[in-house]
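1. Model the following, please.
(2 chains)
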Amino acid sequence: MSSVSVKNIIKTYNKGEVKAVNDTSFEVAKGELFGLIGPDGAGKTSIFRILTTLLLADSGTATVEGFDVVKDYKEIQNIVGYMPGRFSLYQDLTVEENLSFFATVFGTTIEDNYELIKDIYEQIKPFSSRRAGKLSGGMKQKLALCCALIHKPKVLFLDEPTTGVDVVSRKEFWDMLGKLKKQGITIVVSTPYMDEATLCDRIALIQNGSIMSIDTPGNIINNFPKALFAAKADNIYKLLQDLRAEAEVESCYASGEYTRFTMGHGQLTTDNVKSRLIESGHKNLVIKKIIPGIEDCFIRLMNS
Amino acid sequence: MKTLLFILQKEFRQILRDKTILAMMLVAPTMQLIILPLAANFEVKNVNVAYIDHDHSSYSQKLENKIASSGYFKIAGSPGSFKEGLELIEYGNADLVLEIPAGFEKNLVRESNQKVNLSVDAINGTKAALGGAYLVQVLADFNSNLDVNIKSPKNQIAAPSAKISVESINWYNPRAEYKYYMVPGILVLLLTMIGGFITALNIVKEKEIGTIEQINVTPIKKWQFILGKLIPFWIVGMIVFTIGLTVMYLVYGIFPTGSLLALYLFAAVYLVALLGLGLLISTFADTQLQAMFIAYFFMMIFMLMSGFFTSVDSMPDWARTMSDFTPVTHFIKVVRLIVLKGAGLADVGTELGYLAMFAVVLNGFAIWNYRKTT
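-> This next block holds a predicted model:
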């Protein structure tokens, strides 16, 4: 049995004008670290809010650990931990007061489940008498994670937990998620950062409320249908324009100092393209084949 | 039940931690209760009179002295013409112009009849009406005591004409002091602020900061959350009410002549009604600013329609009906009745019914609407 199951969920806002979630279905297995990857406004938060019983879908069904999100919302509230994208703990209460408040409303205590949060809580313990509002961004996230974990949930929903957090804290955070996964907790996490996608067991690439692809990050990369090339020259902007003008180049976009492109089905090879580019006056031209990343897959799926 | 206790513990922690709000709740009402009744006063005093004397006789001189010594009027000047007098009004230096025509004394003595001209600045309606009326009274009094009226030409004192004189006694407020009327009213307004405003703001704050999201994914039930918000402010309200009564006694020497128990019973029910209003506002507002404006809107209506400033009995019929639908009206009435008149619970049963009705309707509507939103 899957831990989280979403079937044909549709959610619209403004009386149907804005489609936030468009006929979406996916399953998350028990103990899996599942990532919802997509840009801002893709519908990630709406899906989270439906699964945590905060929002009602227009149509479709969803279950968490076998409980229906509409009918059995009371059971779900006891077994899920939710960390919203925006820090939403009591800023005027201290770290410890926040934690013990959320522990008590779930009918437990900090001591009972201390093992689960120990690794994370140890890091913010020196500040346990500081008010939550006065913590740094990374520490706020750690506290929010502690509060979402304090009742030992079976499923953990993390909505963009690393947005606005520095690189070091982001890495630490993902390490913690790895440890939690080992404890058997199902984790559903959303992120706009493509580089974090590879840290998940499986990911769903989501755009405009629709899921474009669900698979392991490895499979998604392996399923990239074509060879991907990267080109570099002195005049990057002209290179991009020239490549776009080239009939044999199928798609082309800038990525860092390189311009990435794929070839169409015609007879010409990259060598032909290269010689034409040199003819049109590009200096220090380098073209090489590269392994695609999640981002390349996302852009390809988005354009198709 | 245990959950509710934890929520209450959290709420009290937050209330006690926010020093500004705490001060606003406890110190500000005390200050207001001390300052407002001393300053706010509906008695009309210090009416500035421009006295234009074209006669310059002993009579006109006497009249001027009489006006000046009445205690209500100040002679703002003695301009030479009506035009100059009107200028004083235009510049706001005088409220009334009294013009004594030439031949004032002569006409009074010879023809027993003389008209004087009284012009009133009516921008401030109350001051104009009362000031004018006072001055007319002074004139009437002056008139009845004139030599020509009480002395015969041969210097014999004539028998006074029969007239009714009125001796009045002010019940419940012997010296007709304004503070006795104001202080209980202000006490009610303070309680209204705590009940209506602060509860609404507090709940909306949870919406605004997003903490309500986190609460909604916990097993906390709606009634626990709502009670967790209402109980602390109910308690704070009762404390403020007690402080208010103490200030009333210590500063103004007013001690409720009626049943203290009845007074507290009313405060308790009234607070429940007002907390319901605050809760209702919070279900409509998404931000604290919105809540503030909605609460302010109700507050203005409450203040002006409740009989706090002006008597409800002299309002037009539609306004009186509206006033009946304002909880403040009933509580102000009751507080005045109990504190000043010594009313017992039996005398104010109707009002208690009204307030209980408000409590049920407002809270019911609020809870119904709260369910709908989330």
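
2. Report pLDDT for residue 124.
-> Looking at chain A here, since you left the chain open. A:Ile124 is assigned 89 on the pLDDT scale.

3. you looked at the wrong chain, it should be chain B
-> 80.

4. That one: neighbour count?
-> In terms of burial, B:Asn124 registers 13 neighbours under the definition other CB atoms under 10 Å in any protein chain shown. Using the backbone N, CA and C atoms, a C-beta is placed for each residue, glycine as well.

5. OK, contacts around the residue of chain B found nearest chain A?
-> Closest residue of chain B to chain A, CB to the nearest CB: B:Gly210 (3.6 Å). The contact partners of B:Gly210, taken as CB atoms under 8 Å, 6 or more residues apart in numbering or on different chains, are A:84, A:86-88.

6. and with 7 Å instead?
-> A:84, A:86, A:88 (CB atoms under 7 Å, 6 or more residues apart in numbering or on different chains).

7. now do B:Leu337
-> So B:Leu337 contacts B:343, B:347-348 (CB under 7 Å, 6+ apart).

8. Run the chain-centre distance for the helix ranked longest in chain B.
-> Identified as the longest helix of chain B according to DSSP state H is helix B:222-252. Centroid displacement of helix B:222-252 relative to its chain, using CA atoms, centre = their mean, to the nearest Å, is 22 Å.

9. same for that helix, what does it pack against?
-> On a contact count with 3 or more CB pairs under 7 Å, 6 or more residues apart in numbering or on different chains; DSSP states H and E, helix B:222-252 meets helix B:2-17, helix B:19-39, helix B:178-192, helix B:199-209, helix B:260-284, helix B:349-373.

10. can you tell me which of the contacts of B:Gly210 lies nearest to chain B?
-> A:Ser88 (3.6 Å).

11. what about the closest one, which SS state?
-> Using DSSP: H, G, I helix; E, B strand; the rest coil, the structure places A:Ser88 in coil.

12. shouldn't it be in contact with B:Thr211?
-> Yes. Under the criterion of CB atoms under 7 Å, A:Ser88 makes contact with B:Thr211 at 5.1 Å.

13. Quick check: closest non-adjacent residue to residue 243.
-> As the question left the chain open, I've gone with chain A. If the residues on either side of it in the chain are set aside, A:Leu243 comes closest to A:Cys252, at 4.6 Å by CB to CB, 6 or more residues apart in numbering or on different chains.

14. um, chain B though
-> Using CB to CB, 6+ apart, the closest residue to B:Ile243 is B:Thr30 (6.0 Å).

15. do B:Gly228 as well
-> B:Ile7 (3.4 Å).

16. And for that neighbour, the neighbour number?
-> Neighbour count of B:Ile7, defined by other CB under 10 Å: 23.

17. before we move on, back to that, please name the bridge partners of the residue nearest to A:Leu243.
-> Going by DSSP bridges, A:Cys252 is paired in beta bridges with A:Phe261.

18. in chain A, what secondary structure element scores lowest on mean pLDDT?
-> Within chain A, no helix or strand scores below helix A:270-279, which has a mean of 82 by mean pLDDT, DSSP states H and E.

19. Which parts of it count as buried, going by neighbours?
-> A:270, A:273-274, A:277 (16 or more other CB atoms under 10 Å in any protein chain shown).

20. same question, stretch B:12-22
-> For stretch B:12-22, a neighbour-count test (16+ other CB under 10 Å) marks B:13-15, B:21 as buried.

21. avg pLDDT for that stretch?
-> 89.

22. That stretch and chain A in contact?
-> Yes. Shown here: stretch B:12-22 in contact with chain A (CB under 7 Å from any CB of the partner chain) through B:13-14, B:17-18.

23. Quick check: the farthest pair among those?
-> Farthest pair in these (CB to CB) is B:Arg13 and B:Asp18. Separation: 9.9 Å.

24. Which residues are in contact with each of these two?
-> When contacts are counted by CB under 7 Å, 6+ apart, B:Arg13 and B:Asp18 have no shared neighbour.

25. just the residues of stretch B:12-22 next to chain A now: which is nearest B:Asn363?
-> B:Gln14 (22.5 Å).

26. Would you mind confirming that the closest one makes contact with A:Asp92?
-> Yes. Using CB under 7 Å, B:Gln14 is in contact with A:Asp92, at 5.5 Å.

27. I'd like the distance between the residue nearest to A:Leu243 and B:Ala140.
-> Separation of A:Cys252 from B:Ala140 (CB to CB, to the nearest Å) stands at 102 Å.

28. do the same with A:Lys71
-> 83 Å.

29. swap in B:Gly71?
-> The value you get for B:Gly71 to B:Ala140, if CB to CB is used, is 17 Å.

30. Pull the contacting residues for B:Thr93.
-> Careful, residue B:93 is Asn; it's not Thr. Per CB under 7 Å, 6+ apart, neighbours of B:Asn93: B:48, B:76.

31. hmm, 10 Å instead?
-> If a contact means CB atoms under 10 Å, 6 or more residues apart in numbering or on different chains, then B:Asn93 has B:48, B:50, B:76-77, B:87 as its contacts.

32. of those residues, buried ones?
-> The neighbour-count criterion (16+ other CB under 10 Å) marks B:48, B:50, B:76-77, B:87 among the contacts of B:Asn93 as buried.

33. Secondary structure, pLDDT and distance to B:Val334 added to these, as a markdown table?
-> Below are these laid out as a markdown table (DSSP: H, G, I helix; E, B strand; the rest coil; pLDDT from 0 to 100; distance: CB to CB, whole Å):
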| residue | secondary structure | pLDDT | distance to B:Val334 |
| --- | --- | --- | --- |
| B:Asn48 | strand | 88 | 39 |
| B:Ala50 | strand | 90 | 45 |
| B:Ala76 | strand | 86 | 43 |
| B:Gly77 | strand | 85 | 48 |
| B:Glu87 | helix | 88 | 50 |
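
34. In space, what's closest to A:Arg276 - neighbours in sequence excluded?
-> Nearest non-adjacent residue to A:Arg276, counting by CB to CB, 6+ apart: A:Glu246, 7.2 Å away.

35. these two touch, right, that neighbour and A:Asn272?
-> Yes. Taking contacts as CB atoms under 10 Å, A:Glu246 lies within contact range of A:Asn272: 9.5 Å.

36. So what touches the helix or strand B:Asn143 falls within?
-> Per DSSP states H and E: B:Asn143 is located in helix B:125-144. The list of residues contacting helix B:125-144 from outside it, by CB under 10 Å, 6+ apart, reads B:42-49, B:59, B:62-63, B:65-67, B:69-73, B:95-96, B:98, B:108, B:114, B:116, B:118-122, B:124, B:149-150, B:160-161, B:163, B:310.

37. Skipping its backbone neighbours, what lies nearest B:Lys62 in space?
-> Leaving aside its sequence neighbours, B:Lys62 sits nearest to B:Phe142 (CB to CB, 6+ apart; 7.4 Å).

38. A:His265 versus that neighbour, what's the distance?
-> Look at B:Phe142 and A:His265: by CB to CB, they are 116 Å apart.

39. Looking at those two, which has the bigger crowd around it?
-> Looking at B:Phe142 and A:His265 with other CB under 10 Å, you find the greater number of neighbours at B:Phe142, namely 15 against 7.

40. residues near A:Lys181, how many?
-> Neighbourhood size, A:Lys181 [other CB under 10 Å]: 17.

41. what residues are up against the residue most central in space within chain A?
-> In chain A, the C-alpha nearest the mean C-alpha coordinate belongs to A:Thr191, at 2.6 Å (CA atoms, centre = their mean). Going by CB under 10 Å, 6+ apart, A:Thr191 touches A:35-38, A:44, A:158-163, A:170, A:174, A:197, A:199-200, A:203.
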